[in-house]
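# Show me the folded form of this:
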Amino acid sequence: MKRLAVVAAFSVCTMLVGVATAQNAAGTAKKIAPVGWSAPTVTERTPEQMDAFAASHPLVGSPIVPFRPTMGDAEYRRLKAVANAQPRIARPNLMSPIPLHGIAGATAFAGGNANENGSVGQPGWAPPDTEGAIGNSQFVQTANNYINVYSKAGVLLSSRSLTSFMGSPTNTFDSRVQWDSLWGRWVVTSDTFPLSSTEQLFYWAVSKTASATGAWWVYGWNTNTVTGTGSFWDFPSLGLQQDSMIFTANVFGTSSFLGAYTFAVPKAQVYNGQGVYFSVFGGLDATLQPPHVLKQDETGFAWLAAAASGGIKMYRFENPSSPNNNILTGPYTVTGVPAYSAPPSAVQPAPCGGGTNALDTSDTRFVNASTQYGDLLYQVHSVNVGTATPRYYVISGLSSSAPTVHETGLFWNTSTSSDWNASIAADTSDNLVITYSSVDSGYNAQVRYVGRQHGDAAISGGGVGASLHQSGACLTGDYDPNFGVQRWGDYSAVTLDPITAKTFWIINEDIIDASTWGNEIGKVHF
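Next up, the predicted model:
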(Lines give C-alpha, C1' and ligand atoms only; values in the text may rest on other atoms or scores of the structure.)
Protein backbone atom coordinates (compact mmCIF):
# COMPACT_ATOMS: atom_id res chain seq x y z
CA MET A 1 0.00 0.00 0.00
CA LYS A 2 1.41 3.37 -0.98
CA ARG A 3 1.33 5.97 1.72
CA LEU A 4 -0.58 9.24 1.43
CA ALA A 5 1.59 12.10 2.64
CA VAL A 6 0.41 15.27 1.00
CA VAL A 7 2.20 18.38 2.26
CA ALA A 8 0.11 21.54 2.45
CA ALA A 9 1.20 24.59 0.48
CA PHE A 10 2.72 27.40 2.53
CA SER A 11 0.49 30.40 3.04
CA VAL A 12 3.04 32.55 1.22
CA CYS A 13 1.89 30.97 -2.05
CA THR A 14 -1.44 32.78 -1.83
CA MET A 15 0.19 36.18 -2.24
CA LEU A 16 1.83 35.36 -5.56
CA VAL A 17 0.49 36.57 -8.88
CA GLY A 18 -0.52 34.45 -11.84
CA VAL A 19 -1.15 31.40 -9.69
CA ALA A 20 -2.44 28.16 -11.12
CA THR A 21 -5.66 26.51 -10.07
CA ALA A 22 -6.62 22.87 -10.36
CA GLN A 23 -10.08 21.47 -10.82
CA ASN A 24 -11.27 17.98 -11.53
CA ALA A 25 -11.61 17.95 -15.28
CA ALA A 26 -11.43 14.19 -15.85
CA GLY A 27 -14.90 14.25 -17.33
CA THR A 28 -13.97 16.87 -19.93
CA ALA A 29 -11.04 14.95 -21.42
CA LYS A 30 -11.61 13.92 -25.01
CA LYS A 31 -10.00 11.99 -27.82
CA ILE A 32 -7.57 14.14 -29.79
CA ALA A 33 -7.26 13.78 -33.55
CA PRO A 34 -3.81 13.66 -35.21
CA VAL A 35 -2.75 16.80 -37.06
CA GLY A 36 -0.75 14.84 -39.61
CA TRP A 37 1.22 11.74 -40.56
CA SER A 38 4.90 11.59 -41.38
CA ALA A 39 7.94 9.39 -41.92
CA PRO A 40 11.66 10.01 -41.31
CA THR A 41 14.72 8.95 -43.23
CA VAL A 42 17.08 6.41 -41.65
CA THR A 43 20.82 5.87 -42.07
CA GLU A 44 23.46 3.79 -40.34
CA ARG A 45 26.33 5.77 -38.87
CA THR A 46 29.59 4.26 -37.66
CA PRO A 47 32.21 5.99 -35.49
CA GLU A 48 34.46 6.20 -38.56
CA GLN A 49 31.73 7.98 -40.54
CA MET A 50 31.16 10.40 -37.68
CA ASP A 51 34.86 11.26 -37.47
CA ALA A 52 35.15 11.71 -41.23
CA PHE A 53 32.12 13.99 -41.22
CA ALA A 54 33.63 16.12 -38.45
CA ALA A 55 36.85 16.53 -40.43
CA SER A 56 35.00 17.78 -43.53
CA HIS A 57 32.27 19.85 -41.85
CA PRO A 58 33.87 22.33 -39.44
CA LEU A 59 31.37 23.96 -37.10
CA VAL A 60 31.17 27.70 -36.63
CA GLY A 61 29.78 30.13 -34.12
CA SER A 62 29.55 30.39 -30.38
CA PRO A 63 25.92 31.33 -29.80
CA ILE A 64 23.79 32.01 -26.77
CA VAL A 65 20.82 29.75 -27.52
CA PRO A 66 17.69 31.83 -26.78
CA PHE A 67 15.03 30.79 -24.33
CA ARG A 68 11.60 30.57 -25.96
CA PRO A 69 8.78 31.13 -23.47
CA THR A 70 5.51 29.63 -24.64
CA MET A 71 3.61 32.63 -23.26
CA GLY A 72 5.57 35.05 -25.46
CA ASP A 73 8.64 37.13 -24.63
CA ALA A 74 6.74 40.19 -23.41
CA GLU A 75 4.52 38.26 -21.03
CA TYR A 76 7.47 36.26 -19.73
CA ARG A 77 9.39 39.46 -19.02
CA ARG A 78 6.36 40.86 -17.21
CA LEU A 79 5.85 37.80 -15.01
CA LYS A 80 9.54 37.61 -14.12
CA ALA A 81 9.66 41.35 -13.37
CA VAL A 82 6.73 40.99 -10.97
CA ALA A 83 8.35 37.99 -9.28
CA ASN A 84 11.73 39.75 -9.04
CA ALA A 85 10.15 42.88 -7.56
CA GLN A 86 8.52 41.03 -4.67
CA PRO A 87 10.35 41.03 -1.33
CA ARG A 88 12.59 38.01 -0.89
CA ILE A 89 10.77 36.11 1.82
CA ALA A 90 12.92 33.98 4.13
CA ARG A 91 11.39 30.51 4.00
CA PRO A 92 11.07 28.80 7.37
CA ASN A 93 12.89 25.59 8.14
CA LEU A 94 9.91 23.32 8.60
CA MET A 95 11.90 20.13 8.62
CA SER A 96 14.11 18.66 11.26
CA PRO A 97 16.64 16.14 11.18
CA ILE A 98 17.39 13.81 8.33
CA PRO A 99 18.32 16.03 5.36
CA LEU A 100 19.12 13.16 3.00
CA HIS A 101 16.18 10.89 3.82
CA GLY A 102 18.34 7.80 3.83
CA ILE A 103 20.82 8.48 1.01
CA ALA A 104 23.94 6.73 2.20
CA GLY A 105 26.56 8.40 0.05
CA ALA A 106 27.57 9.97 -3.25
CA THR A 107 30.53 9.94 -5.60
CA ALA A 108 31.13 12.39 -8.45
CA PHE A 109 33.31 13.23 -11.43
CA ALA A 110 33.44 16.17 -13.83
CA GLY A 111 31.56 15.88 -17.09
CA GLY A 112 32.18 17.87 -20.25
CA ASN A 113 32.38 21.65 -20.35
CA ALA A 114 32.01 24.53 -22.78
CA ASN A 115 35.70 24.53 -23.70
CA GLU A 116 35.50 20.89 -24.67
CA ASN A 117 33.38 21.81 -27.67
CA GLY A 118 36.55 23.35 -29.09
CA SER A 119 38.16 19.92 -29.16
CA VAL A 120 35.52 18.77 -31.64
CA GLY A 121 35.71 21.86 -33.81
CA GLN A 122 33.54 24.45 -32.15
CA PRO A 123 33.82 26.89 -29.26
CA GLY A 124 31.35 26.58 -26.44
CA TRP A 125 27.70 27.46 -26.59
CA ALA A 126 25.57 28.77 -23.77
CA PRO A 127 23.76 27.34 -21.99
CA PRO A 128 24.75 23.66 -21.87
CA ASP A 129 21.22 22.19 -21.58
CA THR A 130 22.71 19.49 -19.39
CA GLU A 131 21.47 15.95 -19.99
CA GLY A 132 22.76 12.46 -19.22
CA ALA A 133 21.81 8.85 -18.51
CA ILE A 134 23.33 5.73 -16.96
CA GLY A 135 23.45 2.34 -18.67
CA ASN A 136 24.81 -1.05 -17.69
CA SER A 137 28.44 0.05 -17.96
CA GLN A 138 28.48 3.56 -19.44
CA PHE A 139 27.25 7.07 -18.69
CA VAL A 140 26.29 9.16 -21.74
CA GLN A 141 26.22 12.95 -21.50
CA THR A 142 24.83 15.34 -24.10
CA ALA A 143 25.07 19.13 -24.20
CA ASN A 144 25.01 21.95 -26.76
CA ASN A 145 26.61 20.63 -29.06
CA TYR A 146 28.38 17.38 -28.16
CA ILE A 147 28.00 13.85 -26.86
CA ASN A 148 30.44 12.29 -24.38
CA VAL A 149 30.58 8.66 -23.30
CA TYR A 150 32.14 7.77 -19.93
CA SER A 151 32.77 4.56 -18.07
CA LYS A 152 31.02 4.28 -14.71
CA ALA A 153 34.37 5.17 -13.17
CA GLY A 154 34.40 8.49 -15.04
CA VAL A 155 36.89 7.59 -17.80
CA LEU A 156 36.10 9.45 -21.03
CA LEU A 157 35.61 6.83 -23.76
CA SER A 158 34.57 9.06 -26.66
CA SER A 159 33.67 12.69 -27.43
CA ARG A 160 32.07 14.03 -30.61
CA SER A 161 29.99 16.94 -31.77
CA LEU A 162 26.34 15.99 -32.07
CA THR A 163 26.39 17.49 -35.55
CA SER A 164 28.94 14.93 -36.71
CA PHE A 165 27.21 12.23 -34.65
CA MET A 166 23.89 12.80 -36.45
CA GLY A 167 25.42 13.79 -39.80
CA SER A 168 23.51 17.07 -39.68
CA PRO A 169 23.96 19.79 -42.31
CA THR A 170 23.67 22.45 -39.58
CA ASN A 171 24.30 22.88 -35.86
CA THR A 172 22.30 20.77 -33.42
CA PHE A 173 21.08 21.60 -29.91
CA ASP A 174 18.49 20.70 -27.21
CA SER A 175 19.60 17.07 -26.95
CA ARG A 176 18.23 14.27 -24.80
CA VAL A 177 19.52 10.81 -23.95
CA GLN A 178 18.03 7.74 -22.27
CA TRP A 179 19.07 4.16 -21.68
CA ASP A 180 16.48 1.53 -22.56
CA SER A 181 17.10 -1.18 -19.98
CA LEU A 182 14.40 -3.43 -21.47
CA TRP A 183 15.99 -3.60 -24.92
CA GLY A 184 19.59 -2.75 -23.96
CA ARG A 185 19.92 0.24 -26.29
CA TRP A 186 20.83 3.93 -26.08
CA VAL A 187 18.52 6.59 -27.50
CA VAL A 188 19.71 10.14 -28.28
CA THR A 189 17.68 13.01 -29.77
CA SER A 190 18.69 16.41 -31.09
CA ASP A 191 17.16 19.46 -32.76
CA THR A 192 18.67 21.60 -35.51
CA PHE A 193 18.35 25.24 -36.35
CA PRO A 194 16.16 25.75 -39.44
CA LEU A 195 17.75 25.12 -42.81
CA SER A 196 15.02 27.20 -44.47
CA SER A 197 11.45 28.33 -43.79
CA THR A 198 10.28 24.89 -44.90
CA GLU A 199 12.91 22.64 -43.30
CA GLN A 200 13.94 22.06 -39.71
CA LEU A 201 15.34 18.68 -38.73
CA PHE A 202 14.69 16.63 -35.62
CA TYR A 203 16.94 13.61 -35.13
CA TRP A 204 16.76 10.53 -32.99
CA ALA A 205 19.46 7.87 -32.91
CA VAL A 206 19.47 4.34 -31.49
CA SER A 207 22.64 2.41 -30.71
CA LYS A 208 22.93 -0.90 -32.56
CA THR A 209 24.34 -2.55 -29.44
CA ALA A 210 24.50 -1.87 -25.70
CA SER A 211 27.61 0.28 -26.26
CA ALA A 212 27.30 4.00 -26.98
CA THR A 213 30.73 3.99 -28.66
CA GLY A 214 29.68 1.77 -31.58
CA ALA A 215 27.41 2.17 -34.61
CA TRP A 216 23.96 3.79 -34.55
CA TRP A 217 20.76 3.99 -36.55
CA VAL A 218 20.02 7.69 -37.12
CA TYR A 219 16.53 8.92 -38.07
CA GLY A 220 16.03 12.43 -39.43
CA TRP A 221 12.63 14.09 -39.79
CA ASN A 222 11.67 17.45 -41.25
CA THR A 223 9.27 18.79 -38.63
CA ASN A 224 7.90 21.46 -40.98
CA THR A 225 6.11 18.79 -43.03
CA VAL A 226 3.56 18.63 -40.22
CA THR A 227 3.94 21.86 -38.22
CA GLY A 228 3.97 24.19 -41.25
CA THR A 229 6.15 26.75 -43.01
CA GLY A 230 8.20 28.95 -40.69
CA SER A 231 7.42 26.90 -37.56
CA PHE A 232 10.08 26.04 -35.00
CA TRP A 233 10.39 22.72 -33.11
CA ASP A 234 11.80 23.61 -29.66
CA PHE A 235 12.57 22.03 -26.27
CA PRO A 236 12.10 18.44 -27.50
CA SER A 237 11.80 15.71 -24.90
CA LEU A 238 12.12 11.93 -24.94
CA GLY A 239 10.18 9.20 -23.16
CA LEU A 240 10.33 5.40 -23.29
CA GLN A 241 7.46 2.99 -22.87
CA GLN A 242 7.66 -0.80 -23.10
CA ASP A 243 7.36 -0.99 -26.89
CA SER A 244 7.62 2.62 -28.04
CA MET A 245 9.67 5.80 -28.01
CA ILE A 246 7.65 8.95 -27.29
CA PHE A 247 8.68 12.45 -28.37
CA THR A 248 7.29 15.86 -27.44
CA ALA A 249 8.21 19.45 -28.30
CA ASN A 250 7.00 23.03 -28.07
CA VAL A 251 6.15 24.37 -31.53
CA PHE A 252 6.24 28.05 -32.41
CA GLY A 253 4.76 29.66 -35.51
CA THR A 254 6.08 32.80 -37.14
CA SER A 255 4.26 34.98 -34.59
CA SER A 256 2.70 32.77 -31.92
CA PHE A 257 2.97 29.57 -29.89
CA LEU A 258 1.19 26.67 -31.61
CA GLY A 259 1.12 24.32 -28.62
CA ALA A 260 3.02 21.20 -27.68
CA TYR A 261 3.23 18.33 -30.17
CA THR A 262 3.79 14.63 -29.59
CA PHE A 263 4.29 11.43 -31.57
CA ALA A 264 5.50 7.89 -30.90
CA VAL A 265 7.36 5.26 -32.92
CA PRO A 266 7.58 1.49 -32.35
CA LYS A 267 10.88 0.24 -30.95
CA ALA A 268 10.75 -3.03 -32.90
CA GLN A 269 11.23 -1.23 -36.22
CA VAL A 270 13.50 1.59 -35.06
CA TYR A 271 15.86 -0.64 -33.09
CA ASN A 272 16.39 -2.67 -36.28
CA GLY A 273 16.91 0.31 -38.58
CA GLN A 274 13.64 -0.18 -40.43
CA GLY A 275 11.45 2.52 -41.91
CA VAL A 276 8.58 3.84 -39.80
CA TYR A 277 5.67 6.23 -40.11
CA PHE A 278 3.75 7.89 -37.31
CA SER A 279 0.81 10.12 -36.45
CA VAL A 280 1.49 13.52 -34.87
CA PHE A 281 -0.77 15.19 -32.30
CA GLY A 282 -0.60 18.96 -31.77
CA GLY A 283 -2.11 21.95 -30.02
CA LEU A 284 -1.45 20.46 -26.56
CA ASP A 285 -0.50 22.13 -23.26
CA ALA A 286 2.93 23.74 -23.24
CA THR A 287 6.15 21.88 -22.42
CA LEU A 288 4.52 18.48 -22.31
CA GLN A 289 6.84 15.86 -20.80
CA PRO A 290 6.61 12.17 -21.74
CA PRO A 291 7.29 9.45 -19.16
CA HIS A 292 10.10 6.99 -18.75
CA VAL A 293 7.96 3.94 -17.99
CA LEU A 294 9.94 1.50 -15.85
CA LYS A 295 10.53 -1.81 -17.57
CA GLN A 296 8.50 -3.95 -15.15
CA ASP A 297 5.41 -1.89 -16.00
CA GLU A 298 3.51 -3.64 -18.79
CA THR A 299 0.58 -1.24 -19.08
CA GLY A 300 -0.24 -0.35 -22.66
CA PHE A 301 -0.43 3.38 -22.07
CA ALA A 302 1.81 6.29 -21.16
CA TRP A 303 0.88 9.49 -19.29
CA LEU A 304 2.29 12.83 -20.50
CA ALA A 305 2.35 15.78 -18.07
CA ALA A 306 2.58 19.57 -18.36
CA ALA A 307 2.80 22.21 -15.63
CA ALA A 308 0.31 24.46 -17.39
CA SER A 309 -0.81 27.92 -16.30
CA GLY A 310 -4.04 26.45 -14.95
CA GLY A 311 -2.48 23.58 -13.03
CA ILE A 312 -0.93 20.25 -14.02
CA LYS A 313 -2.52 18.79 -17.15
CA MET A 314 -2.04 15.23 -18.35
CA TYR A 315 -2.68 13.27 -21.54
CA ARG A 316 -3.15 9.52 -21.87
CA PHE A 317 -1.30 7.96 -24.82
CA GLU A 318 -2.79 4.51 -25.53
CA ASN A 319 -1.08 1.98 -27.81
CA PRO A 320 1.80 4.34 -28.63
CA SER A 321 3.71 1.54 -30.39
CA SER A 322 0.93 1.08 -32.96
CA PRO A 323 0.69 4.08 -35.34
CA ASN A 324 -2.61 2.84 -36.80
CA ASN A 325 -4.22 2.33 -33.39
CA ASN A 326 -2.67 4.83 -30.98
CA ILE A 327 -5.11 7.07 -29.14
CA LEU A 328 -4.43 10.32 -27.31
CA THR A 329 -7.02 11.60 -24.84
CA GLY A 330 -6.95 14.67 -22.62
CA PRO A 331 -6.32 17.00 -21.08
CA TYR A 332 -6.96 15.61 -17.61
CA THR A 333 -6.51 18.19 -14.84
CA VAL A 334 -4.67 16.75 -11.83
CA THR A 335 -6.59 17.41 -8.62
CA GLY A 336 -4.94 18.52 -5.39
CA VAL A 337 -2.22 20.65 -7.00
CA PRO A 338 -1.29 23.67 -4.81
CA ALA A 339 -1.25 27.05 -6.53
CA TYR A 340 2.03 28.09 -8.17
CA SER A 341 3.61 30.84 -10.25
CA ALA A 342 6.91 31.45 -12.06
CA PRO A 343 9.96 31.76 -9.80
CA PRO A 344 12.09 34.92 -9.56
CA SER A 345 15.59 34.91 -10.99
CA ALA A 346 18.39 33.40 -8.87
CA VAL A 347 20.62 36.02 -7.22
CA GLN A 348 24.34 35.19 -7.12
CA PRO A 349 26.64 36.31 -4.26
CA ALA A 350 27.66 39.98 -4.11
CA PRO A 351 31.16 39.32 -5.58
CA CYS A 352 29.36 37.90 -8.65
CA GLY A 353 27.31 41.06 -9.12
CA GLY A 354 24.26 39.89 -7.16
CA GLY A 355 21.06 40.79 -8.96
CA THR A 356 22.98 42.43 -11.81
CA ASN A 357 24.11 38.97 -12.87
CA ALA A 358 21.01 37.07 -11.80
CA LEU A 359 20.62 33.57 -13.22
CA ASP A 360 17.63 32.60 -15.35
CA THR A 361 15.30 30.19 -13.51
CA SER A 362 12.87 29.65 -16.42
CA ASP A 363 9.10 29.36 -15.98
CA THR A 364 7.13 26.67 -14.14
CA ARG A 365 7.72 23.96 -16.75
CA PHE A 366 8.81 20.42 -15.99
CA VAL A 367 12.32 20.24 -17.46
CA ASN A 368 12.70 16.51 -18.06
CA ALA A 369 10.78 13.27 -18.48
CA SER A 370 8.56 11.89 -15.71
CA THR A 371 8.97 8.45 -14.16
CA GLN A 372 5.87 6.25 -14.51
CA TYR A 373 5.31 2.95 -12.74
CA GLY A 374 1.96 1.30 -12.19
CA ASP A 375 -0.51 3.82 -10.82
CA LEU A 376 2.13 6.48 -9.99
CA LEU A 377 3.88 9.25 -11.89
CA TYR A 378 6.76 11.35 -10.47
CA GLN A 379 7.59 14.96 -11.48
CA VAL A 380 9.19 18.13 -10.11
CA HIS A 381 9.46 21.82 -11.04
CA SER A 382 10.43 25.13 -9.45
CA VAL A 383 7.87 27.71 -8.31
CA ASN A 384 7.74 31.03 -6.46
CA VAL A 385 7.79 30.76 -2.66
CA GLY A 386 9.49 34.05 -1.93
CA THR A 387 12.35 32.79 -4.08
CA ALA A 388 12.81 29.92 -6.55
CA THR A 389 11.76 26.71 -4.80
CA PRO A 390 11.40 23.11 -6.10
CA ARG A 391 8.12 21.27 -5.59
CA TYR A 392 7.82 17.59 -6.41
CA TYR A 393 4.72 15.48 -7.00
CA VAL A 394 3.77 11.83 -6.83
CA ILE A 395 0.58 11.58 -8.87
CA SER A 396 -1.76 8.61 -8.52
CA GLY A 397 -5.03 7.61 -10.15
CA LEU A 398 -3.55 6.80 -13.55
CA SER A 399 -5.34 3.45 -13.81
CA SER A 400 -8.72 5.12 -13.34
CA SER A 401 -7.89 8.14 -15.54
CA ALA A 402 -8.48 10.40 -12.53
CA PRO A 403 -5.00 11.74 -11.71
CA THR A 404 -4.62 13.28 -8.28
CA VAL A 405 -1.74 14.40 -6.06
CA HIS A 406 -0.75 11.50 -3.84
CA GLU A 407 2.30 13.23 -2.32
CA THR A 408 3.96 16.61 -2.73
CA GLY A 409 6.58 18.72 -1.00
CA LEU A 410 8.41 22.04 -1.24
CA PHE A 411 12.08 22.02 -0.25
CA TRP A 412 15.21 24.21 -0.34
CA ASN A 413 18.76 24.52 0.92
CA THR A 414 18.76 27.67 3.09
CA SER A 415 16.00 30.11 4.03
CA THR A 416 17.20 32.58 1.36
CA SER A 417 18.68 30.31 -1.33
CA SER A 418 17.40 30.15 -4.90
CA ASP A 419 16.74 26.50 -5.84
CA TRP A 420 15.69 25.56 -9.36
CA ASN A 421 16.38 23.45 -12.48
CA ALA A 422 15.16 20.26 -10.79
CA SER A 423 14.78 16.74 -12.22
CA ILE A 424 13.47 13.55 -10.60
CA ALA A 425 13.55 9.77 -11.03
CA ALA A 426 12.09 6.88 -9.04
CA ASP A 427 12.40 3.10 -8.93
CA THR A 428 9.79 0.35 -8.74
CA SER A 429 9.93 0.40 -4.91
CA ASP A 430 8.90 4.09 -4.67
CA ASN A 431 12.40 5.36 -3.78
CA LEU A 432 13.14 8.67 -5.46
CA VAL A 433 16.03 11.11 -6.03
CA ILE A 434 15.93 14.76 -7.14
CA THR A 435 18.77 16.97 -8.38
CA TYR A 436 18.55 20.75 -8.47
CA SER A 437 20.67 23.89 -8.81
CA SER A 438 21.14 26.21 -5.81
CA VAL A 439 22.81 29.56 -5.11
CA ASP A 440 22.79 31.99 -2.17
CA SER A 441 24.67 35.01 -0.84
CA GLY A 442 27.24 32.77 0.81
CA TYR A 443 28.02 30.34 -2.01
CA ASN A 444 28.32 30.02 -5.78
CA ALA A 445 25.98 27.78 -7.76
CA GLN A 446 25.84 24.21 -6.45
CA VAL A 447 24.77 20.88 -7.89
CA ARG A 448 22.54 19.46 -5.14
CA TYR A 449 20.54 16.30 -4.54
CA VAL A 450 17.96 14.93 -2.14
CA GLY A 451 15.94 11.74 -1.97
CA ARG A 452 13.61 9.66 0.11
CA GLN A 453 12.90 5.98 0.49
CA HIS A 454 9.48 4.39 0.43
CA GLY A 455 7.98 4.73 3.88
CA ASP A 456 9.75 8.01 4.66
CA ALA A 457 7.86 11.23 5.22
CA ALA A 458 7.57 13.50 2.20
CA ILE A 459 10.53 15.75 1.45
CA SER A 460 9.66 19.13 2.89
CA GLY A 461 11.22 22.31 4.25
CA GLY A 462 14.70 23.77 4.47
CA GLY A 463 18.12 22.31 4.96
CA VAL A 464 17.35 19.20 2.93
CA GLY A 465 19.74 17.45 0.62
CA ALA A 466 23.47 17.82 0.10
CA SER A 467 25.86 19.47 -2.32
CA LEU A 468 27.45 17.20 -4.89
CA HIS A 469 29.62 20.01 -6.20
CA GLN A 470 30.03 23.76 -5.71
CA SER A 471 31.11 26.00 -8.59
CA GLY A 472 34.47 27.66 -8.24
CA ALA A 473 33.38 30.83 -10.05
CA CYS A 474 30.53 33.23 -10.79
CA LEU A 475 28.65 33.25 -14.08
CA THR A 476 28.98 36.71 -15.65
CA GLY A 477 29.75 36.03 -19.33
CA ASP A 478 26.56 34.41 -20.67
CA TYR A 479 24.30 37.45 -20.61
CA ASP A 480 20.93 37.21 -22.36
CA PRO A 481 19.94 40.77 -23.34
CA ASN A 482 16.40 39.71 -24.22
CA PHE A 483 15.57 38.87 -20.59
CA GLY A 484 18.35 40.66 -18.70
CA VAL A 485 19.82 37.59 -16.98
CA GLN A 486 22.73 35.21 -17.24
CA ARG A 487 21.58 32.29 -19.37
CA TRP A 488 21.39 29.11 -17.28
CA GLY A 489 20.80 25.64 -18.68
CA ASP A 490 17.22 24.59 -19.36
CA TYR A 491 17.41 21.11 -17.85
CA SER A 492 19.16 18.53 -15.70
CA ALA A 493 18.69 14.78 -15.29
CA VAL A 494 18.36 11.87 -12.85
CA THR A 495 18.38 8.28 -14.09
CA LEU A 496 18.07 4.92 -12.36
CA ASP A 497 21.04 2.55 -12.37
CA PRO A 498 19.86 -0.62 -14.20
CA ILE A 499 22.36 -2.87 -12.40
CA THR A 500 22.59 -1.70 -8.78
CA ALA A 501 19.42 -1.41 -6.69
CA LYS A 502 18.55 1.89 -5.00
CA THR A 503 21.23 3.70 -7.01
CA PHE A 504 20.64 6.83 -9.08
CA TRP A 505 22.89 8.95 -11.28
CA ILE A 506 22.51 12.71 -11.53
CA ILE A 507 23.95 15.36 -13.81
CA ASN A 508 23.61 19.12 -13.46
CA GLU A 509 25.37 22.32 -14.42
CA ASP A 510 28.25 24.04 -12.65
CA ILE A 511 30.40 27.07 -13.49
CA ILE A 512 34.14 26.81 -14.21
CA ASP A 513 34.84 30.47 -14.91
CA ALA A 514 32.92 33.63 -15.83
CA SER A 515 31.68 32.33 -19.17
CA THR A 516 32.50 28.62 -19.04
CA TRP A 517 29.87 26.17 -17.92
CA GLY A 518 30.68 22.64 -16.83
CA ASN A 519 28.77 19.56 -15.77
CA GLU A 520 29.04 17.43 -12.67
CA ILE A 521 28.04 13.75 -12.79
CA GLY A 522 27.29 11.91 -9.58
CA LYS A 523 26.13 8.54 -8.28
CA VAL A 524 23.95 8.50 -5.15
CA HIS A 525 22.56 5.46 -3.38
CA PHE A 526 20.39 4.50 -0.45
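# Isn't Asp375 up against Gly397?
Yes: when contacts are counted by Cβ atoms under 8 Å, Asp375 is listed as touching Gly397 (6.9 Å). Using the backbone N, CA and C atoms, a C-beta is placed for each residue, glycine as well.
# So between these two, which is more surrounded?
Gly397 (20 against 16; other Cβ atoms under 10 Å).
# ok, and for stretch 64-74, which residues are buried?
64-65, 67, 69-71 (16 or more other Cβ atoms under 10 Å).
# for stretch 442-457, same thing?
For stretch 442-457, burial by neighbour count (16+ other Cβ under 10 Å) applies to 443-452, 456.
# Which pair of these spans the longest distance?
Asn444 and Asp456 (30.2 Å; Cβ to Cβ).
# Tell me the spacing between the nearest residue to Gln269 once chain neighbours are set aside and Thr408.
Distance criterion Cβ to Cβ, 6 or more residues apart in numbering; nearest residue to Gln269, sequence neighbours excluded, is Val276 at 4.8 Å. Distance of Val276 to Thr408, given as Cβ to Cβ, to the nearest Å: 38 Å.
# who has more neighbours, these two?
Neighbour comparison, Val276 and Thr408: the larger count goes to Thr408, with 23 against 19 (by other Cβ under 10 Å).
# what residues are up against the more buried one?
Thr408 sits next to 6-7, 336-338, 391-394, 458 when contact means Cβ atoms under 8 Å, 6 or more residues apart in numbering.
# Also Val524?
With the criterion set at Cβ under 8 Å, 6+ apart, Val524 makes contact with 103, 105-106, 433, 449, 451, 468, 503-506.
# all helices in the chain, in order from the N-terminus.
Ranges of helices in the chain, per DSSP state H, are 47-56, 73-85, 162-166, 224-227, 267-270.
# I'd like the average pLDDT over stretch 211-229.
Averaged over stretch 211-229, pLDDT sits at 97.
# which parts of it are buried?
211-212, 215-228.
# and of these, the nearest to Ser401?
Using Cβ to Cβ, those come closest to Ser401 at Val226, 27.3 Å.
# ok, that closest one touching Val280?
Yes: the criterion here is Cβ under 8 Å, and Val226 meets it with Val280 at 4.8 Å.
# Show me the common contact partners of the two, please.
35-38, 261.
# Just the buried subset of these, please.
The neighbour count (16+ other Cβ under 10 Å) marks 35, 38, 261 as buried among the shared contacts of Val226 and Val280.
# how about CSV for those residues, with distance to Asn84 added?
Formatted as CSV, those follow (distance: Cβ to Cβ, whole Å):
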residue, distance to Asn84
Val35, 37
Ser38, 42
Tyr261, 32
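# Rank the residues you listed by pLDDT and give me only the lowest.
Taken together, those show their lowest pLDDT at Ser38, with 91.
# can you pull the contacts of that residue?
Applying Cβ under 8 Å, 6+ apart, we find Ser38 in contact with 221, 225-226, 263, 277-278, 280.
# Show me the residues you listed that map onto strands.
221, 263, 278, 280 (DSSP state E).
# what's the distance between the first one and Ala286?
This points to Trp221. Distance from Trp221 to Ala286, by Cβ to Cβ: 21 Å.
# cool, the second one as well?
With distances taken as Cβ to Cβ, Phe263 is found 17 Å from Ala286.
# next one: the third one
Phe278 sits 22 Å away from Ala286, going by Cβ to Cβ.
# can you list the contacts of Thr408 in a markdown table and add neighbour count, pLDDT and distance to Tyr315?
A markdown table is the format used below for the contacts of Thr408 (neighbours: other Cβ atoms under 10 Å; pLDDT from 0 to 100; distance: Cβ to Cβ, whole Å):
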| residue | neighbour count | pLDDT | distance to Tyr315 |
| --- | --- | --- | --- |
| Val6 | 16 | 34 | 23 |
| Val7 | 20 | 36 | 26 |
| Gly336 | 19 | 97 | 18 |
| Val337 | 24 | 97 | 16 |
| Pro338 | 22 | 96 | 22 |
| Arg391 | 25 | 98 | 21 |
| Tyr392 | 25 | 98 | 20 |
| Tyr393 | 26 | 98 | 16 |
| Val394 | 24 | 98 | 19 |
| Ala458 | 21 | 93 | 26 |
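# Now, these that are in strands?
The strands, defined by DSSP E, take in 6, 391-394 from the contacts of Thr408.
# hang on, the earlier thing: now the two most distant members of the contacts of Thr408.
Val337 and Ala458 (14.7 Å).
# Pairing partners for the residue nearest to Leu238 when sequence neighbours are not counted in the sheet, please.
Leaving aside its chain neighbours, Leu238 sits nearest to Arg176 (4.2 Å; criterion: Cβ to Cβ, 6+ apart). Under the criterion DSSP bridges, Arg176 forms beta bridges with Thr189.
# Quick check, Arg176 in contact with Ser237.
Yes: assessed by Cβ under 8 Å, Arg176 is found in contact with Ser237 at 6.2 Å.
# so where is this protein shaky, pLDDT-wise?
For the chain, the stretches with pLDDT under 70 are 1-27, 60-62, 93-101, 117-124, 298.
# Centre-most residue in it?
Asn368 (2.2 Å; Cα atoms, centre = their mean).
# Just give the nearest non-adjacent residue to that one, would you?
Nearest one to Asn368, counting by Cβ to Cβ, 6+ apart, is Ser423 at 4.4 Å.
# Can you name the residues that contact the one you found?
Contacts of Ser423 (Cβ under 8 Å, 6+ apart): 367-368, 380, 434-436, 491-494, 506, 508.
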